[in-house]
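K.L.:
pasting a predicted model and its sequence here:
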Amino acid sequence: MTRSGHGGGPQGALRVILVPLLAVGLAAGAAGQVTVREQIQSAGIVEAAASGRLTVRTDRGDMLDLRLQRKDEQGVQLADGRLLGMTTEVRISGGFDIPQLKPGQVVRFEGLINGQGRTDGAVTAVTLIDAAGAPIGITPAAKPATAAEFARCMVVAPIKQAGKGRLVVQVPEDRPYARKTTFAFKVAEEATARLESSDPKRIDPGARVVSLEAIRLDTGDVVARKLVVESAAGGAVRERPDEKLENKYRGLADEPKREPRLIRSPHFAFLSDVSDREAKIILDKLERMAGLLERYFARKPAGVVEGFVVHDLSAFPPGAIAEPAGIAKIRERAGVCVNSRLGGQRRAMLYSCADHGVIQHESAHGFCHMMFGSTGPTWLAEGFAEMANYWQDGEQAVDIHPAVMAYLQRANPKRGLLEIAVPGQTPAGTWQDYAWRWALCHLLANNPNYDDRFRPLAIALMEERPGVSFESVYGPVAREISFEYDQFLRTVGNGYRADLAAWPWQARFRPLKDGAGRVGVTIKARAGWQGSGLRVERGATYALAATGTWRTAAAGEPVTADGGDGGRGRLTAAVFRDAEFVLQEPFAVGAEKTFVAAADGQLFLRCADDWTGLADNDGEIEVALRRIAD
């Protein structure tokens, strides 16, 4: 029998790394002190948008890398990994066509309704609003004298259907329309439709920043305080994956149950007191994860994951949950999955609070156990469960809890590869231990230099095949993977793509003689370090010339190898001392450069951009290199 517990996340660490904002500056906390260097007021165009970050080209032509904090986050992550408590005030608007509305999205408008629930007239203006906290329902402006009389009402409700000339919404059963929950309205031809939102995730590249108030810190970070944005075309009604799921079940009851009941899906069956809506969302998320795991491993589980998902323990009769360790974890707002097997029979029992991240993490343990008979050594079990928790279909970019990312970025020293990949069962540890294991598993699963070995390794370890270990599989490339793992930890952040940043070990290099020959290479903007084909000699002089343009943002302007504002997009070089596996300090070269090699080794080139922002780059530069005679 194995138990895999989840400590409930990184919230406890925020007391250490959160720096509060004071009226005249940024105060000292356990993480140190930062101060405001400049107050910024500006406007411009969003060139790139990622998790907690915006790149804005101002109307003056400057580039601002903005960091944002959403209302549901406990801090905005600074470049050095610290979290700063300063919620960004965001106001987003934008026009759209009413037929673009999706079921479950919440709208606000005025319409005529009588006491019998019939509608009249035509809606002339519709506002799409954030669903969180929206007061769903129908509010008459005045009480009609008779049931047949129509009254002007304010309607705030989820969309059931939207089309040209017609709008159907659904509200919970409530007075004065207790017997009717669906209302259909005509929509006037000249009706206007606008977005009204405070969710930064709705901001897309190309959006107009009407007004911006920000502060520049002594750390170099620019943190947005107020942001007024006009959305780009189509951005107003775009749905995120989780938002789509929440919208799908908007019409279900959202009140927790007083008594637990069985909630189930093809791969999961839990006794739970969560609301009907919450139950559907949880099960859909778990089935999405199950589908990803089945496709990744090309394997199906030998049964369902069972257990308990608990909102309020008092709703469960005494003795309903017989596992003391499970009850203890639930009381801690955490979870545990107890896995067992007898001969060919396997069982996975989940005991979890109602936190979605905890449920997914522990369910991943149970699901892998039901597929393979075990979850493998602790580093793999916990690292892969964290991966499964964050996994989104078709999305390779890192997007994890900001506090976890902050910890990985600020930890010094970093944990070494062999400190993490420890054979066998070790204590599950804290969320910090989970973070290191996630980092290793994410790199192995997403870096094309190692991903083809990771899947068969994970399967073999979970099937407990003798003689298989991390060292036996990755030993032949131990130096390479250690180098890339160190690079990953130095450069990772939300938005990072391990596949784009993979080191090109297969690149070939050759030296040049004085004044003879040349080396030509194409360097892509949408990649990390790339081989130039040139092996340089310490003390020798080389000339570089680059032609062409590339972009470093989805809505950005093309730039040459000299780059744009702040050096973004500038061609950059570094010498890799392949004998020692050491990368020298990078240096800017631009479109034309004569330089003296500081060390013997292979010359690598890249487009200067934040490592978390490579995915929206495009274009390439042609580079020619030659050695100048002494």
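P.N.:
That came through fine.
K.L.:
what's near enough to touch the closest residue to G235 other than its chain neighbours?
P.N.:
Take G235 and drop its neighbours on the chain: the residue closest to it by C-beta to C-beta, 6 or more residues apart in numbering is D204, 4.0 Å away. No exception for glycine: its C-beta is placed from N, CA and C like everyone else's. By C-beta atoms under 8 Å, 6 or more residues apart in numbering, D204 lies in contact with V46, A49, S231, A232, G234, G235, R238.
K.L.:
ok, so of the residues you listed, who is nearest L461?
P.N.:
A49 (38.4 Å; C-beta to C-beta).
K.L.:
rewinding a little: any idea how far the residue nearest to G235 lies from A553?
P.N.:
Using C-beta to C-beta, to the nearest Å, one gets 12 Å for the distance from D204 to A553.
K.L.:
related to what we said a few turns ago, from the contacts of D204, list just the buried residues.
P.N.:
Among the contacts of D204, those scoring as buried are V46, A49, S231, A232, G235, R238 (criterion: 16 or more other C-beta atoms under 10 Å).
K.L.:
let me have those residues in TSV, extended by distance to S272.
P.N.:
Formatted as TSV, these follow (distance: C-beta to C-beta, whole Å):
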residue	distance to S272
V46	41
A49	36
S231	38
A232	40
G235	36
R238	32
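K.L.:
of those, closest to R258?
P.N.:
R238 (37.6 Å).
K.L.:
report the secondary structure element holding the closest one.
P.N.:
R238 is part of no helix or strand, with elements assigned from DSSP states H and E.
K.L.:
among the buried ones among the contacts of D204, which are in strands?
P.N.:
Among the buried ones among the contacts of D204, the members falling in strands (DSSP state E) are V46, A49.
K.L.:
max pairwise distance over the buried ones among the contacts of D204: which two?
P.N.:
Largest separation among the buried ones among the contacts of D204 by C-beta to C-beta: V46 and R238, giving 13.8 Å.
K.L.:
now the common contact residues for D204 and A553.
P.N.:
By C-beta under 8 Å, 6+ apart, no residue touches both D204 and A553.
K.L.:
could you pull out the strands for the stretch 51-200 of the chain?
P.N.:
53-58, 63-67, 76-77, 83-85, 89-95, 106-114, 119-120, 122-129, 137-140, 150-163, 166-170, 182-197 (DSSP state E, counting those that start in this stretch).
K.L.:
quick check: domain ranges of the protein?
P.N.:
Following automatic domain parsing, one gets these domains for the chain: 96-196, 258-491, 519-628.
K.L.:
right, and those - which one's nearest Q77?
P.N.:
Closest to Q77 of the domains of the chain is domain 258-491 (C-beta to C-beta; 4.9 Å).
K.L.:
any idea how far the closest one is from the chain center?
P.N.:
Put simply, domain 258-491 sits 17 Å off its chain's centre (C-alpha atoms, centre = their mean, to the nearest Å).
K.L.:
buried residues of the longest helix along the chain, list them for me.
P.N.:
If you go by DSSP state H, the chain has its longest helix at helix 276-297. By neighbour count on 16+ other C-beta under 10 Å, the buried set for helix 276-297 is 276-286, 288-290, 292-293, 297.
K.L.:
next helix or strand past the helix or strand harbouring M405?
P.N.:
Per DSSP H and E: M405 is located in helix 402-410. On the C-terminal side of helix 402-410, the closest following helix or strand by DSSP H and E is helix 417-420.
K.L.:
can I get that following helix in PDB? Just the C-alpha atoms.
P.N.:
What follows is helix 417-420, C-alpha atoms only, in PDB (Å, rounded to 0.1, in the frame of the first residue of the first chain):
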ATOM      1  CA  LEU A 417      19.800  16.800 -10.800                       C
ATOM      2  CA  LEU A 418      20.900  13.800  -8.600                       C
ATOM      3  CA  GLU A 419      19.500  15.400  -5.500                       C
ATOM      4  CA  ILE A 420      16.000  15.200  -7.100                       C
END
